[in-house]
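Asker: would you be able to build a 3D model of this:
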Amino acid sequence: MMDPYPFFTQNVVLPVYDLARRTSRFSRGRILRKTQWWRREEIERLQNRNLHVLLKHAYETVPYYRRIFKERRLTPGDIRNTSDLTKLPYLTKEDIRKSPNEMISLNYGTRRLIPYQSGGTGDPIKFFVTKDSYSWEVAAEFRTYGWAGYELGDRCFMFWGSPLDLTRAGSMVQRINRSLERILIAGTFVLSDEVFEESAQALRKFRPKIIRGYASSVAMMAKYLNDVRIQDVRPEAVITSAETLQDSMRKTIEEAFDCPVFDYYGSREIGAIAGECEEHSGYHISAENVIVELVDNNEAVSPGERGLMLITNLRNFGMPFIRYKIGDIGVPCSEACSCGRGLPLISSIEGRISDFMACYDEAQRRIIPVGPIYPVIISAVMHLPVENCQVVQENIDMLTVKLVKSKGYAEEHTDYLVNYMQKQLGSSVKIQIEFVDSIPPLPSGKRSVFLSRIDPFQPPPKYKVANRS
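Answerer: All right, here's what the predicted structure looks like:
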């Protein structure tokens, strides 16, 4: 029997929300549900029109972009389509911190804008969005959720780790909203067997149609359910976000919940960027709202190659983000999805820059990124008595492995771990083991198996490798 509540939520509660908040999520959502089925060429024309309007607005009303255009002797007319964006520089977090007031359009005062703060890896920025931009972003987010079968009002259980979000979730307004939307949240900033046990009981009682949450938190919950053999939590789909979803994590989640996993990619600064549809052929870009460039040295990479992601938000006229260096790495795709949607695809989202290990290429005398090393780390510790681990690259020839030991751990396990990792990564890389009582999450609540303290994509020009003959 079909649940009538989601229809009531979307067609009664959501319009009332919009009226009270002076937003337009309902109407924007109806538009996006139609445009996703347009042909690729039609979506590209819409994207270029939106880009032209944004650039003209930024040139005329945003001091920062007025200065950038003048420094390069450009006008908005010189950028006719998305490929011409290479004429403009990247926008970085440091740029925003240096001149936050210059980033805001003169047509808006901050009182007319919604304040936000980025999450990320302890490097937050403060910024503003318009109510219209917020409406487009949330509409795109829920369109993506719809590909997993989730509609506003469906029973949804969330595993979330952001302290900022969890604090806001305690407010009376948020509690009422969640009650109306039938969302139950489990805080995952601190995880333990006690938390897993409580969450398992809540899941069995709540019986959600959808589970959403941080990829690592959902995967750890799934592992717990597998370990204790709880097999009666059966949502129709799981939606992961906020962190890179590894293949091993997807497999664990699918085994525990016996349903498909849909990965979603977004950020606080931009909103909904891309997500998986039911075909799981890659990530559909929300191209009506954003432009995603994948570049290497400011040149577009070919399909199948890794590129630095630059995001342009086409909807935020209050504080435009044009060619924003979000800090993630992705792989473009030139193929069309068999689902029939005209939205372009990203083959895969490889993770943050800090997810990539770097090594020294002796032949070319340069530092190169060698990709995420999650598989190496997982393979190294999966059979060891270890509760948790994290690998940190402190410099080009040093990795620090932080371990939380469990019962039965012995010195021979350390020897095995060092030998295994050096065999996989090369003997020139020094492996340092550090035993710790716990590995806390990042300030955002995210968890990372690997962290790089260097930028493998922008190495120091005069870097010298120590102790190398």
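Asker: all helices of the chain, in order?
Answerer: 5-8, 14-21, 25-35, 40-61, 63-71, 93-98, 131-146, 163-169, 172-181, 193-206, 215-228, 247-257, 374-381, 411-425 (DSSP state H).
Asker: check these for me: which has the lowest mean pLDDT.
Answerer: Between those, the one with the least mean pLDDT is helix 163-169; it has a mean of 55.
Asker: was I right to think Tyr420 contacts Ala380?
Answerer: Yes. Tyr420 is in contact with Ala380 according to CB atoms under 8 Å; the separation is 4.9 Å. For every residue, glycine as well, the C-beta is placed using N, CA and C.
Asker: ok, these two, which is more surrounded?
Answerer: The residue with more neighbours, out of Tyr420 and Ala380, is Ala380; 23 against 16, by other CB atoms under 10 Å.
Asker: now do the contacts for that one.
Answerer: Neighbour list for Ala380: Leu417, Tyr420, Met421, Gln424 [criterion: CB atoms under 8 Å, 6 or more residues apart in numbering].
Asker: scan those and report the most crowded one.
Answerer: Comparing those on neighbour count, Met421 comes out first with 22 neighbours (neighbours: other CB under 10 Å).
Asker: circling back: wait, which of the helices of the chain is closest to Glu293?
Answerer: Counting by CB to CB, Glu293 lies closest to helix 40-61 out of the helices of the chain; the figure is 11.7 Å.
Asker: hmm, Ile349 is touching Gly266, no?
Answerer: No. Taking CB under 8 Å as the definition, Ile349 is not a contact partner of Gly266, at 10.8 Å.
Asker: which residues are in contact with both of those two?
Answerer: Common contacts of Ile349 and Gly266, defined by CB under 8 Å, 6+ apart, comprise Ala274.
Asker: got JSON lines for the helices of the chain, with distance to Asn316 too?
Answerer: Below are these laid out as JSON lines (distance: least, CB to CB, whole Å):
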{"stretch": "helix 5-8", "distance to Asn316": "29"}
{"stretch": "helix 14-21", "distance to Asn316": "17"}
{"stretch": "helix 25-35", "distance to Asn316": "14"}
{"stretch": "helix 40-61", "distance to Asn316": "9"}
{"stretch": "helix 63-71", "distance to Asn316": "13"}
{"stretch": "helix 93-98", "distance to Asn316": "13"}
{"stretch": "helix 131-146", "distance to Asn316": "4"}
{"stretch": "helix 163-169", "distance to Asn316": "20"}
{"stretch": "helix 172-181", "distance to Asn316": "23"}
{"stretch": "helix 193-206", "distance to Asn316": "35"}
{"stretch": "helix 215-228", "distance to Asn316": "26"}
{"stretch": "helix 247-257", "distance to Asn316": "32"}
{"stretch": "helix 374-381", "distance to Asn316": "33"}
{"stretch": "helix 411-425", "distance to Asn316": "42"}
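Asker: could you say which one of the ones you listed comes nearest to Ser286?
Answerer: The nearest among the helices of the chain, by CB to CB, is helix 131-146 at 4.2 Å.
Asker: could you tell me the angle between the closest one and helix 25-35?
Answerer: 50 degrees (axes from the mean of the first three to the mean of the last three CA atoms, to 10 degrees).
Asker: show residues contacting helix 131-146.
Answerer: 18, 21-25, 27-29, 31-33, 36, 114, 129, 150-152, 210, 212, 239, 264, 266, 270-272, 274-275, 284, 286, 288-289, 313, 315-318.
Asker: quick one: buried ones out of the residues you listed?
Answerer: In these, burial by neighbour count holds for 18, 23-25, 28-29, 32, 36, 114, 129, 150-152, 210, 212, 239, 264, 266, 270-272, 274-275, 284, 286, 288-289, 313, 315-318, counting by 16 or more other CB atoms under 10 Å.
Asker: and the pLDDT for Thr121?
Answerer: Looking at Thr121, its pLDDT reads 51.
Asker: next one: Arg366
Answerer: What the model reports for Arg366 is a pLDDT of 59.
Asker: I figured Gly282 was touching Ser348, is that so?
Answerer: Yes. Counting by CB under 8 Å, Ser348 is a contact partner of Gly282 at 7.0 Å.
Asker: between those two, which one's more packed in?
Answerer: Taking neighbours as other CB under 10 Å, Gly282 and Ser348 compare with Gly282 leading, 22 against 18.
Asker: now do the contacts for the nearest residue to the more buried one once chain neighbours are set aside.
Answerer: Nearest residue to Gly282, sequence neighbours excluded (CB to CB, 6 or more residues apart in numbering): Leu345, at 3.9 Å. When contacts are counted by CB under 8 Å, 6+ apart, Leu345 touches Ser281, Gly282, Tyr283, His284, Ile285, Cys333, Glu335, Ala336, Cys337.
Asker: and the buried ones among the residues you listed, selectable in ChimeraX?
Answerer: The ChimeraX selection below is limited to those of the contacts of Leu345 classed as buried (16+ other CB under 10 Å):
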select :281,282,283,284,285,333,337
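Asker: mind listing which of the contacts of Leu345 are in strands?
Answerer: Within these, residues falling in strands by DSSP state E are Tyr283, His284, Ile285.
Asker: show me where the stretch 351-469 of the chain dips below the pLDDT cut-off.
Answerer: Along the stretch 351-469 of the chain, segments meeting pLDDT under 70 span 360-372, 374, 443-446, 457-469.
Asker: please redo it, this time with the cut-off set to 90
Answerer: Scanning the stretch 351-469 of the chain for pLDDT under 90 picks out 351-384, 386-399, 406-407, 419-431, 438-469.
Asker: residues near Phe196, how many?
Answerer: Applying other CB under 10 Å, I find that Phe196 has 20 neighbouring residues.
Asker: wait, it touches Met221, no?
Answerer: Yes. If you go by CB under 8 Å, Phe196 and Met221 touch, sitting 6.2 Å apart.
Asker: tell me what the residue nearest to Gly282 is bridged to.
Answerer: Beta-bridge pairing for Leu345 (DSSP bridges): His284.
Asker: ok, Ile230 touching Arg204?
Answerer: Yes. Between Ile230 and Arg204 there is a contact under CB under 8 Å: 7.5 Å.
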